[in-house]
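K.L.:
quick one, what's the 3D model for this:
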Amino acid sequence: MPSRFARILLALWSGIVLAFLFGPIAVIALYAFNASNIQTWPIPGFSLRWFVSAWNNREIRAALGLSLQAGVIATAIAVVLGTAAAFAVHRFRFVGREAVSFVVALPIALPGIITGMALNSFFATAGTGLSFGTIVVGHATFCIVVVYNSVLARLRRLPSSLGEASQDLGADAWRTFRLVTLPLISTSLISGAILAFALSFDEVIVTTFTAGAQNTLPLWIFGAIRLGQRLPEVNVVVLIVTAITFVPVLLAYRLSQRSG
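P.N.:
All right, here's what the predicted structure looks like:
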């Protein structure tokens, strides 16, 4: 058993790490309610004016809508392909089985800038102009692995006797999947989809290389910070993006805890 001093030291160190990670987010959240357009300390007053200003900004609304659309479509693609790949690797033995796992995990393992440059080169070679579709493809490439890992881990914990019993009772493969397997993996499937959406929503590097003239919310934030003329609105948008990203991650965590 660790001593009392060791527990206190561990708690202190954990607090320092959490403050280092979440302190900047707390500061941004505080400045989002700043009544002044100048970021000074102490804050002269609190106001919701920048929330109204950000909402009335057509460019921000368009970027937010584009990010949400890309995230939802990329997540849907990732759910279908990631689940199919997980079932193929789990149920079948074939040449190159391990290579499939490697290829699926590769986009998330590589730095985002490398993935983005590779996709950009691929689209250029194929003669495909950068558009909303290329954003979706780019996001789906690294979202698949999230769903794949979640579903595969759940499948490996399922007893094979359940599917065998269903087939012994006369159910075909599709009926067994729909009535037995799918309900058992549903929490893992949903948590993987939620994490994939969160990952897609705040990805800026891959979007930079696959967006073309499209302006998603992360790209708008990057451009506004670089110009430095709309920092109050940037604070509001960053707070909203953080909340949109945090909620799916929290839901995915609760679902994974419930699934055991």
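K.L.:
pLDDT below threshold where in the chain?
P.N.:
Along the chain, the model assigns pLDDT under 70 to residues 1-2, 168, 204-205, 209, 212-214, 227-229, 252, 255-260.
K.L.:
find the residue at the geometric middle of it.
P.N.:
Residue closest to the mean C-alpha point of the chain, counted by Cα atoms, centre = their mean, is Leu199 at 1.5 Å.
K.L.:
wait, is it part of a helix?
P.N.:
Yes. Secondary structure of Leu199 (DSSP: H, G, I helix; E, B strand; the rest coil): part of a helix.
K.L.:
surely it meets Ala140?
P.N.:
No. Using Cβ atoms under 8 Å, Leu199 makes no contact with Ala140, being 10.8 Å away. Every C-beta, even on glycine, is put in place using the N, C-alpha and C of the backbone.
K.L.:
against Arg154, how distant is Pro248?
P.N.:
From Pro248 across to Arg154, the span is 18 Å (Cβ to Cβ, to the nearest Å).
K.L.:
for Ile108, same thing?
P.N.:
19 Å.
K.L.:
one more: Tyr148?
P.N.:
Counting by Cβ to Cβ - Tyr148 and Arg154 are separated by 11 Å.
K.L.:
neighbour count: these two, which is higher?
P.N.:
Just comparing Tyr148 and Arg154: by other Cβ atoms under 10 Å the higher neighbour count belongs to Tyr148, 26 against 23.
K.L.:
so what's that one closest to, chain neighbours aside?
P.N.:
Spatial nearest neighbour of Tyr148, excluding adjacent residues (Cβ to Cβ, 6 or more residues apart in numbering): Gly82 at 4.0 Å.
K.L.:
on the three-state scheme, the one you found is what?
P.N.:
helix.
K.L.:
identify the residues contacting it.
P.N.:
Contact analysis of Gly82 by Cβ atoms under 8 Å, 6 or more residues apart in numbering lists 104, 143-148, 151, 192, 196.
K.L.:
recalculate using a threshold of 6 Å.
P.N.:
144, 147-148 (Cβ atoms under 6 Å, 6 or more residues apart in numbering).
K.L.:
for it, give its distance to Leu199.
P.N.:
As for Gly82, its distance to Leu199 is 12 Å (criterion: Cβ to Cβ).
K.L.:
likewise Leu119?
P.N.:
For Leu119, the distance to Leu199 (Cβ to Cβ) stands at 16 Å.
K.L.:
just Ala62 next, same as before
P.N.:
Ala62 is 22 Å from Leu199, by Cβ to Cβ.
K.L.:
and the helices in the stretch 1-150 of the chain?
P.N.:
Counting by DSSP state H, counting those that start in this stretch, residue ranges of the helices within the stretch 1-150 of the chain are 4-31, 49-55, 58-91, 97-109, 112-126, 132-157.
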